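**Q** what follows is a predicted protein model with its sequence.
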2 protein chains.
Amino acid sequence: MVKQTVGLKTLAAHLNVTVGTVSRALNGYSDISEATRLRVLRAADELGYRPNHAARRLSTGVAEAVAYVMPQYSSSISQPFVGQLLKGLGEAVAKRGWDLLVAHADSAKDELNHLDRLVRSGRVGGLVISRPAKNDPRIRLMRSLKCPFVVHGRTADCRDYAWYDVDGADAFHTAVDHLVTLGHGRIAFVGAPLQYQFAQDRLNGYRAALEQNGLRAVPEFVQITEFSDDGGELATNVLLDLDQPPSAIVCISDMVALGALAAIRARGLTPGRDISVIGYDGLKVGQHANPPLTTMAQPQVHAGRRLGDILLAIIDGGDPRDYQDLQKAHLLRRKTDGAFEQTT
Amino acid sequence: MVKQTVGLKTLAAHLNVTVGTVSRALNGYSDISEATRLRVLRAADELGYRPNHAARRLSTGVAEAVAYVMPQYSSSISQPFVGQLLKGLGEAVAKRGWDLLVAHADSAKDELNHLDRLVRSGRVGGLVISRPAKNDPRIRLMRSLKCPFVVHGRTADCRDYAWYDVDGADAFHTAVDHLVTLGHGRIAFVGAPLQYQFAQDRLNGYRAALEQNGLRAVPEFVQITEFSDDGGELATNVLLDLDQPPSAIVCISDMVALGALAAIRARGLTPGRDISVIGYDGLKVGQHANPPLTTMAQPQVHAGRRLGDILLAIIDGGDPRDYQDLQKAHLLRRKTDGAFEQTT
DNA sequence: TTGACGAGCGAAATCGGTTTCGGATATAGG
DNA sequence: CCTATATCCGAAACCGATTTCGCTCGTCAA
């Protein structure tokens, strides 16, 4: 650590006042004459005074920092949004002069320990939890610690805390509806392990849409696989090997969908003509896929900032239940959705 | 901030010793009897003692935290590697129980102010600077502050500080050599603004390779454009409009290369057959491009951890000049590089 | 002229640890 | 048996801010 050069003491000596006076002048107390305040402010600026963060925290008891908890098993797909999120989060907390720190997880057990330390040692005043499991232990921990937090995503029971999420059920409902409109009746779902709530939500949306459209739910049409392009490719191959393969596939993410496209092309079929595919995320790279990927795009841009604002509001004493933000995804048509053709 | 429940004082009272004794027992001093140490350790564990971070920092003077400075203009392409890097960095600092915080930049000027505060207020003991400009003010600031730092990338003069970089000049040399081997003689370069050192490095490699292969440097073949897919598309269109267009293009990044592919396909040409394209980064999504993108892949996996280890070593007093790590990229052949055909 | 009052500032306690110094007890040596 | 030494622990200073308390002025009304 760089040694403190100019502290309150230096300033005070320089101005012939006490440290208490300087501190009060800097923090806008009323029992300081305007003349003194100006003298102090000017000197602080000239000497480049930076209050020692640790001392202030110790004294005031506020951490002036929040943490972002990285997704547990961060596959390559989770990376793009991490950067975006951090940027937004950083902006939100920086407005208040607070710090943003990131917590990473070695294992599930280590992570809880890490978070406990982070909170109970007073390093952070709140945190953002991404991509929760159905009954996430991290959320239970934060509740028991009475530590402010906001969840990026939701769990099964999400009534009592703050969260920001995109409505996956709605999105997959929309995707299936769209495919039905195009004439598809045999629609498959390639999903991820259901321990994650978002995986369950999207599956629910798929199923609800099938039912509402009077379509039969074919058990083999629901493939749960690894959350990656390889997983998507594997699952799609299983689907295509079926006696009566689907004519359309909705995929739980764009990355999975890219794998699906690869599997389809490998058989000499053309995505969007022979088999329709719809992804989820709205990743920019999807437009460079072969062919460009139709997807359910998210209003991802402001998620980070919104999460930060929510967290700060709760730290300020806001009721978490007042901050539950459900965004809708929208259909972004590119080239992998097409009308059903009997010829298949 | 969650109020401290059990502090040193609580522990001391519970054990009928003084806080000093507890502190020394916990910190492994030798003048504590083994019996007492065990009693203290056990009690600390049972009561779930977490030392107050601010107090310890104030007392010891070490920040127990480092910061990662986000790339200045983080376009979509910069995101994937941010996540990876943070993961590795987090692991490295977590081994020591330190925190990782991220600093984001509103503007260039704000950023310097922000970094100055971060360091001089004692929040961090060192930092990682990504993607420096040729003569980066952030580096100058850190030097003047005598704050330990490591650079991810290099500047023009990089002799006196620690850095980790991938050899862009070598990579583009390799790429051009490869294309020459395939019979190409008209090779273009699509790059990014030269304010960034990495952009200059890669251009240098391209030029050196041309010269070494006895190829003429065509001025119009060097296109400097925006660091994105759109930029790549624009630049490639310019190249294709030339009276004598190139038969191969090396692109400064995979994202730019994806734009190039789009431009090529838009003219009914086939990348890899009519025109070869080589990207840089080794992004996984490149394999889902149309056609799969040949690229110079980086050993990106350990960059974060390595940067973290280097930074900690310097904070421990290591000589920065002993930590200069230049990695090599390697050619990852997919489908966009092909033999030159006269027919074009 | 005096007493009350308020403005402005100094002095000191406080946050929760770390670390130095010195004292008490136990052990060893003569 | 008495002193020298090592062992172990208590007491207190310290890190650099914040914040409370109270003192000292100057001002004004009685």
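**A** On my side now, so go ahead.

**Q** got any ranges where the stretch 1-150 of chain A has weak pLDDT?
**A** A:1-4, A:72-80 (pLDDT under 70).

**Q** what residues does it have near DNA strand C?
**A** The stretch 1-150 of chain A has residues A:16-21, A:24, A:31-36, A:55, A:58-59, A:61 near DNA strand C, with proximity defined as CB under 7 Å from any atom of the strand. All C-beta atoms are positioned from the backbone trio N, CA, C, and that covers glycine.

**Q** what about the residues you listed, which are in helices?
**A** Members of those lying in helices (criterion: DSSP state H): A:V19, A:G20, A:T21, A:R24, A:E34, A:A35, A:T36, A:A55, A:L58, A:S59.

**Q** now these as TSV including neighbour count and distance to DNA strand D?
**A** TSV is the format used below for these (neighbours: other CB atoms under 10 Å in any protein chain shown; distance: CB to the nearest atom of the strand, whole Å):
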residue	neighbour count	distance to DNA strand D
A:V19	14	5
A:G20	11	3
A:T21	21	8
A:R24	18	5
A:E34	8	16
A:A35	8	14
A:T36	15	13
A:A55	18	3
A:L58	18	4
A:S59	12	3
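
**Q** which among those gets closest to chain B?
**A** Of all these, chain B sits closest to A:L58, with 4.2 Å by CB to the nearest CB.

**Q** not counting sequence-adjacent ones, nearest residue to A:A208?
**A** A:H173 (5.9 Å; CB to CB, 6 or more residues apart in numbering or on different chains).

**Q** which residues of the stretch 51-200 of chain A lie near DNA strand D?
**A** Going by CB under 7 Å from any atom of the strand, the residues of the stretch 51-200 of chain A near DNA strand D are A:P51, A:N52, A:A55, A:R56, A:L58, A:S59, A:T60.

**Q** how about A:L215, nearest residue that isn't a chain neighbour?
**A** Nearest residue to A:L215 in three dimensions, chain neighbours excluded: A:G185, at 6.1 Å (CB to CB, 6+ apart).

**Q** distance of A:M70 relative to DNA strand C?
**A** Distance of A:M70 to DNA strand C, computed by CB to the nearest atom of the strand, to the nearest Å: 27 Å.

**Q** I'd like to know how many residues surround that residue.
**A** 23 (other CB atoms under 10 Å in any protein chain shown).

**Q** then A:K9?
**A** Close neighbours of A:K9, defined as other CB under 10 Å, add up to 12.

**Q** which one is it nearest to, not counting chain neighbours?
**A** A:V19 (5.9 Å).

**Q** residues contacting that neighbour?
**A** With contact taken as CB atoms under 8 Å, 6 or more residues apart in numbering or on different chains, A:V19 is in contact with A:L8, A:K9, A:L11, A:A12.

**Q** rerun at 10 Å
**A** With contact set as CB atoms under 10 Å, 6 or more residues apart in numbering or on different chains, A:V19 has these partners: A:G7, A:L8, A:K9, A:T10, A:L11, A:A12, A:A13.

**Q** quickly note the distance from the third one to chain B.
**A** What that stands for is A:K9. 14 Å (CB to the nearest CB, to the nearest Å).

**Q** ok, so what distance separates that residue from DNA strand C?
**A** Distance from A:K9 to DNA strand C, counting by CB to the nearest atom of the strand: 11 Å.

**Q** hmm, that residue is touching A:V22, no?
**A** Yes: between A:K9 and A:V22 a contact is recorded at 8.9 Å, counting by CB atoms under 10 Å.

**Q** coming back round to it: name the nearest of the contacts of A:V19 relative to chain B.
**A** Closest approach between the contacts of A:V19 and chain B, by CB to the nearest CB: A:G7, at 10.2 Å.
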